[in-house]
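In: build me a model from this:
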Amino acid sequence: MNVDINANNENVSKETKNIEDISSIEELDMENMNLYRGETPIDIKNQCLKICKDYLSGEWIQQTVDTITVTRITGGLTNQIYYCGINEPNQTSNVPQEVAVRFYGEKHIKNSSDNYERLPDVIIDLMVSETKLGPKVYAIFEHGQLQKYYKHRQFKPEEQNNPKLVDEVFRKLARIHAMNVPINRTFNWMTTELDGAYKLAFEGSFDVKSMFEKYNCETLLTADMKSEVQFINELVVKANSPLVFTHNDFRSSNLLITESVDKSDGPIVVCDFEYGSYGYRGMDFMPILREWGRKQLDFSVDGIPHEDSVIRPLIEIYVDECHRIYGEEYSANTINSKKADLLDVCVGKTV
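Out: Numbers count the residues shown, from 1 in each chain. Sure thing, here's the model as predicted:
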């Protein structure tokens, strides 16, 4: 995630917490939390400077660790991300004077069957960069990427009342789903991860039952989790959701409303495509609709907005953009029609 460094400084003054400091769900405030993974290397300025010199050249060649600023960017729960900028930038240069340096970390979810899992990520990141759907990529190195640094704010509930921004969010989702990405289309990461999580928790060495008892998780203690996993797997198959390229984490925190001068393709940049893969179309509707009208990860209210008047305009934007991309043949499949049941458009046939 690329975060406005000025916004970060504001958050620090609001008594931000680290994830390890949270002891209850009531304390979980994603807007005022430092989300870091791993310790910051002591020589991080040298590392960032060397990468910028090697891959950007230009003004970076003359820089030293004393003439640049390097700051850890919050939001990286998989990767480590740093702002790196020249203290006295050349405003007329064609070489970027500030960048985001992204160092790969170990991924939480395996969304590829390839031995080198980062290869699909590189392909995806280059494609979304060229189509202006995701962050612009300046360079790719062995352990990470150099990306454009975006001053921005996140797509929060107040932005949901802005028709232009809402329109762009769901049109970009349609364009993401329409991408023809040359990666594996048969790897079912959702089923693989669900089955793997069950085996780890209930058939491995991890004593999940003791954790349920410790935190008095009454529902989880009485539920037949193996049957629940089987039910979900069967439900996914029955839904018959269209197979498209999916972001798999399409939520407010990954929608950047940028302050870039270049508004040629709208102000919103979608970030964090590293879990992108081919999968079920419904996977991208749930995260964004789950947050509609509430704060990110607000667990006090369950489900998604059920009012037709809330969801239908959003779906109609998506379907309208799909018509623009594919033509009238898009509606040949009844589940794609604007008149279709809302669940049909989001997921597949009603189950």
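
In: whatever helix or strand Leu256 lives in pairs with which strands?
Out: According to DSSP states H and E, Leu256 maps onto strand 255-258. When pairs are called by DSSP bridges, strand 255-258 turns out to pair with strand 152-154 (antiparallel), strand 268-270 (antiparallel).

In: ok, which of those comes nearest Leu314?
Out: strand 268-270 (14.6 Å; CB to CB). (Glycine included, C-beta is placed from N, CA and C.)

In: chain center to that closest one: distance?
Out: Strand 268-270 sits 10 Å away from the centroid of its parent chain (CA atoms, centre = their mean, to the nearest Å).

In: for stretch 314-332, same thing?
Out: 24 Å.

In: again, but for stretch 307-321
Out: With CA atoms, centre = their mean, you get 22 Å for stretch 307-321.

In: what does stretch 206-216 give?
Out: Worked out by CA atoms, centre = their mean, stretch 206-216 lies 30 Å from the chain centre.

In: can I get it in PDB, CA atoms only?
Out: This file holds the C-alpha atoms of stretch 206-216, laid out as PDB (Å, rounded to 0.1, in the frame of the first residue of the first chain):
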ATOM      1  CA  PHE A 206      -2.000 -26.100  16.500                       C
ATOM      2  CA  ASP A 207      -4.400 -26.400  19.500                       C
ATOM      3  CA  VAL A 208      -7.200 -24.300  18.200                       C
ATOM      4  CA  LYS A 209      -9.800 -25.800  20.700                       C
ATOM      5  CA  SER A 210      -7.900 -24.400  23.600                       C
ATOM      6  CA  MET A 211      -7.900 -21.000  22.000                       C
ATOM      7  CA  PHE A 212     -11.700 -21.200  21.600                       C
ATOM      8  CA  GLU A 213     -12.100 -22.100  25.200                       C
ATOM      9  CA  LYS A 214      -9.700 -19.400  26.400                       C
ATOM     10  CA  TYR A 215     -11.700 -16.700  24.600                       C
ATOM     11  CA  ASN A 216     -15.100 -18.300  25.200                       C
END
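
In: hmm, who's touching that stretch?
Out: 200-202, 217, 220-221 (CB atoms under 8 Å, 6 or more residues apart in numbering).

In: all strands of the protein, in order?
Out: 17-18, 33-34, 68-72, 80-86, 98-103, 137-141, 144-148, 152-154, 243-246, 255-258, 268-270, 277-280 (DSSP state E).

In: save the ones you listed as JSON lines, and put in distance to Asp320 and mean pLDDT too.
Out: Below are these laid out as JSON lines (distance: least, CB to CB, whole Å; pLDDT from 0 to 100):
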{"stretch": "strand 17-18", "distance to Asp320": "42", "mean pLDDT": "55"}
{"stretch": "strand 33-34", "distance to Asp320": "36", "mean pLDDT": "55"}
{"stretch": "strand 68-72", "distance to Asp320": "41", "mean pLDDT": "95"}
{"stretch": "strand 80-86", "distance to Asp320": "34", "mean pLDDT": "95"}
{"stretch": "strand 98-103", "distance to Asp320": "33", "mean pLDDT": "96"}
{"stretch": "strand 137-141", "distance to Asp320": "29", "mean pLDDT": "96"}
{"stretch": "strand 144-148", "distance to Asp320": "29", "mean pLDDT": "96"}
{"stretch": "strand 152-154", "distance to Asp320": "25", "mean pLDDT": "86"}
{"stretch": "strand 243-246", "distance to Asp320": "17", "mean pLDDT": "92"}
{"stretch": "strand 255-258", "distance to Asp320": "19", "mean pLDDT": "92"}
{"stretch": "strand 268-270", "distance to Asp320": "17", "mean pLDDT": "94"}
{"stretch": "strand 277-280", "distance to Asp320": "21", "mean pLDDT": "89"}
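
In: hang on, the earlier thing: could I get the contacts of stretch 206-216 in TSV, plus columns for neighbour count, pLDDT and distance to Thr69?
Out: Formatted as TSV, those follow (neighbours: other CB atoms under 10 Å; pLDDT from 0 to 100; distance: CB to CB, whole Å):
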residue	neighbour count	pLDDT	distance to Thr69
Leu200	12	82	42
Ala201	15	83	43
Phe202	14	84	48
Cys217	14	86	45
Leu220	15	86	46
Leu221	10	87	51
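
In: is it possible to get JSON lines of the residues you listed that adds distance to Cys52?
Out: Shown next, in JSON lines, are these (distance: CB to CB, whole Å):
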{"residue": "Leu200", "distance to Cys52": "40"}
{"residue": "Ala201", "distance to Cys52": "43"}
{"residue": "Phe202", "distance to Cys52": "47"}
{"residue": "Cys217", "distance to Cys52": "48"}
{"residue": "Leu220", "distance to Cys52": "48"}
{"residue": "Leu221", "distance to Cys52": "53"}
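
In: out of those, the closest to Pro313 would be?
Out: Using CB to CB, the contacts of stretch 206-216 come closest to Pro313 at Leu220, 36.7 Å.

In: the nearest residue to the closest one once chain neighbours are set aside and Glu228, how far apart?
Out: Leaving aside its sequence neighbours, Leu220 sits nearest to Phe212 (CB to CB, 6 or more residues apart in numbering; 4.8 Å). Phe212 sits 14 Å away from Glu228, going by CB to CB, to the nearest Å.

In: so for the two, which sits in the more crowded spot?
Out: Phe212 (17 against 13; other CB atoms under 10 Å).

In: where does the stretch 251-351 of the chain have low pLDDT?
Out: The stretch 251-351 of the chain contains residues with pLDDT under 70 at 260-266, 296-303, 306, 334-335, 337-351.
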